[in-house]
Structures are given as structure tokens and as C-alpha cells.
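Enquirer: Need a 3D model of the following:
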Amino acid sequence: MRKKFLNLILFFILIFLITLIVIFGIFIYQEFFTDSSEPVIYKVDKIFAEEPDMEKNSNYDNTSVSIAESIRTTPTQSNIESINNKNSSAGFFYSQLNKNQKIIYDGLMKNKQYLKQGNYVINYKDSFTDTLSEENGSDKLGDDYQSAIEAFTYDNIDVFYLDLNKMFLNIETSTKFFKTTYNVYISAANDSNYLSKEFQTTEKIEKAISELEAEKENIISHLNGTDYQNILYIHDYLVNNVEYDSTYQSIGSYNIYGALVEKKCVCEGYAKAFKYLLNSAGYDCELMQGTATNSSGQSENHMWNCVKLNDKWYAIDVTWDDPIIIGGNGRTSNEYKYRYYLKGTQTFDKDHFLEYQLSENGKTFSYPNVSREDY
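Expert: Modelled structure (predicted):
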């Protein structure tokens, strides 16, 4: 009996010692074999935006304006030619991204519907281990994020309700048994969301989308002519129905909502609405951005379009085809209404100058190779 009692005591002592060893082992493991730091956060640079102090072109002087030798980085001709042959349905700017950038873009596209929540987290987990294992790997992935966001913005102008400057790329690093693992995800700032100030709820977003789609369907329902006539109809619709927002304060002034619902916007709104409508009607149309110099010699950030017609690309500037009219009957004459309609580089390069980077430190993108001759 006494022997059994001693064995029982020894058993409990053994269990106690094993428990101590396990607790001590966990302590040692956490103290010396794991390391988790606060996530490194990357925020996108400000993507192209028309500045409020810029003036809309209202002077009809035909004098060509020269500029100093450009220091902008431009794509190679071979790159331009390869891009011109891409299928725009795949995303014109998407087609120019590298592997990491496409993964980030794909995550945004796959979860596009959920972005309306404003705080939805897009998790890439360990998709970028190879890059993050390199020297300065986090910074490289941060640059890839910038490029992916830029391409996503230019290919998907219907996400007008997002404030991409409030979306962060988070890179978490954890080391266990001397092996480093990474977790990458996109999220909003703490206690915030990545929705624009005008559309802070899903209900407002859905209502705005319904208004946009109704307006789009109404416009497209009138397209029953040739390709030239259909493109012309959409161009004239915007010129005749949209007012330039000189205050820069209207709701959606920089996007398709401002142009098509509020009927008031700046050049970004004109250009994005033109692309939105033409793409919806089955036409290839892309955004082009850079600077434009008006006849007063003022250089301003500007956005316009290029359209594919009869297998050639032509430039169109809907904003400058709708100039501010001072005096008269308030109407734009045909002389000015089509001054920047389906033009080649021999016309556009006099006062429109492309920027091949969509942000100050972003990737160099290519644009379609616009015809030299006017249509």
C-alpha cells in the first residue's frame, strides 16, 4: 500500500516536472526562436490630379507653344508596339505590370465588390516571399504596390468611390526557429476606411452606381450609327451636357459620377466619363495624362483620351472641346467643338505633352501609339 502511495507521489512529481519543462520550453521558444514586429506600411503616392489653381482653356489662339527639352522618361518604341497589340479587355495598364504587380492588381479585382465596404482586408499571405527575402525587399514590394494601384485606377474608373490614398499595404514579418515568414495585406488606416468623403456608406455607393448605370444605358441606347458616328455622339453628349467645374468643389468633380450624374466636373471627369461610356459601348478608349499648354502660355496638369477607330488610335480632348464661353450665345461653335476630336500627334503634340509616370515616383507606363495624321 505504501509502495503504491509513493508511486502515485512520484507520478504527480513527474507530471509537475514535465509541465515545468513544457512551460519553460514555450518561454524559451517565444523568447529566442520567434520574432514578430509591427507591420511595415506602404501608402501610395498621389496619383495624377488636376490642381485647383489651374485654368481651363478658354483662348482660341492657334499659336503653337514650344517647350524646353523634355526630361521625362519615355517607353521604348518596341514596348509601345507590343502594348498596342494587347487586348484592352484584359486591362490596358494591367498588361504592363510585372508578376508581383499583377498579383496585387488581381487581388483588388477579385475583391472589387467587397471594396465598397471601405474596410475590407485583401490578404495576400505569403505570395511575395521571394521578393521580401531580397535586400530592400519591402521597399521593392512597396514600389510594386504603387504601380499596381496606378494601373488599377486607370483600368477601373468605375471605382470612383475609393480614396486610394487611404489604402495601405501592410507587410508583417515573423521569425520562428530562424525561419522568416511574411504576411501581406491591404487595409484601411486604423479606425478609418478607404472610401471617398462623398461616399462613406455602401448604401450611398449603390445608389450612385444605379444613377450612373441608368445614365449610361440612356446614352448608349442612342448609339445606332457607324463607329465614327457613335464616338461622335458620346463626345457631343459630354460637350453639350457637362459643365466645367471651375470651383473644384462639386461632388465627384474628378470622376465619372461628377460628369454623368452631377453634370459638373474637371478634366479628369470628362476623360474618365468618355472612357467609361466608350468602353461600355464596346470601343477601345484609354486615358492619357500629362501637361497641356494653353494659348496664354500656361502649363497645367491635364487628362484626355485616345480612341481606336479603324485600327488606328486618335487623340480626343473632350474638355478642351468644351471651352468656357465668355459672352455670345453661350454655345460652342463647331470650329472649336471639334478642335481636339480624333486628332493625330501632328496636332496634339503642339500643346499636349504626355507624362509616362502616373505619379512622381511611379512606374513608367506606355500609351497607345497615336496616329501622326488626323482622322
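
Enquirer: Which SSE is immediately downstream of the lowest-mean-pLDDT helix or strand in the chain?
Expert: Least confident helix or strand of the chain, by mean pLDDT, DSSP states H and E, is helix 77-84 with a mean of 41. Sequence-wise, the next helix or strand downstream of helix 77-84 (DSSP states H and E) is helix 99-110.

Enquirer: other SSEs contacting that next one?
Expert: The contact analysis (3 or more Cβ pairs under 8 Å, 6 or more residues apart in numbering; DSSP states H and E) places helix 99-110 against strand 122-125, helix 137-155, strand 179-188. Backbone N, C-alpha and C define where each C-beta goes, glycine included.

Enquirer: go again using 6 Å as the cut-off
Expert: Packing partners of helix 99-110 (3 or more Cβ pairs under 6 Å, 6 or more residues apart in numbering; DSSP states H and E): helix 137-155.

Enquirer: ok, then the element right after the helix it packs on?
Expert: strand 167-176.

Enquirer: Pull out the buried residues from that following strand.
Expert: Neighbour counts over strand 167-176 (16 or more other Cβ atoms under 10 Å) mark 167-171, 173 as buried.

Enquirer: same check, this time on stretch 114-122
Expert: For stretch 114-122, by 16+ other Cβ under 10 Å, it's 115-118, 122.

Enquirer: Keep only those of the residues you listed that are in helices.
Expert: Within the buried residues of stretch 114-122, no residue falls in helices by DSSP state H.

Enquirer: Surely residue 185 and residue 125 touch.
Expert: No - Residue 185 lies out of contact with residue 125 (Cβ atoms under 6 Å); the separation is 7.9 Å.

Enquirer: And the two? Which one has more around it.
Expert: residue 185 (16 against 11; other Cβ atoms under 10 Å).

Enquirer: any idea how far residue 347 is from residue 172?
Expert: 52 Å (Cβ to Cβ, to the nearest Å).

Enquirer: Can you read off the pLDDT for the residue nearest to residue 356 when sequence neighbours are not counted?
Expert: For residue 356, ignoring the flanking residues on the chain, the nearest one in space by Cβ to Cβ, 6 or more residues apart in numbering is residue 364 at 4.9 Å. pLDDT, residue 364: 94.

Enquirer: With residue 324 instead?
Expert: 59.

Enquirer: now the strands for the chain?
Expert: Along the chain, counting by DSSP state E, strands occupy 34-36, 40-43, 122-125, 167-176, 179-188, 243-244, 264-265, 285-293, 299-309, 312-316, 352-354.

Enquirer: Now for the residue lying closest to residue 118 once chain neighbours are set aside, how many residues are close by?
Expert: Distances taken as Cβ to Cβ, 6+ apart put residue 193 closest to residue 118, at 3.2 Å, once the chain neighbours are dropped. By other Cβ under 10 Å, 18 other residues sit near residue 193.

Enquirer: Can you verify my assumption that residue 193 contacts residue 119?
Expert: Yes - between residue 193 and residue 119 there is a contact under Cβ under 6 Å: 4.9 Å.

Enquirer: Pass me the low-pLDDT residue ranges in the stretch 151-300 of the chain, would you?
Expert: Scanning the stretch 151-300 of the chain for pLDDT under 70 picks out the ranges 177, 191.
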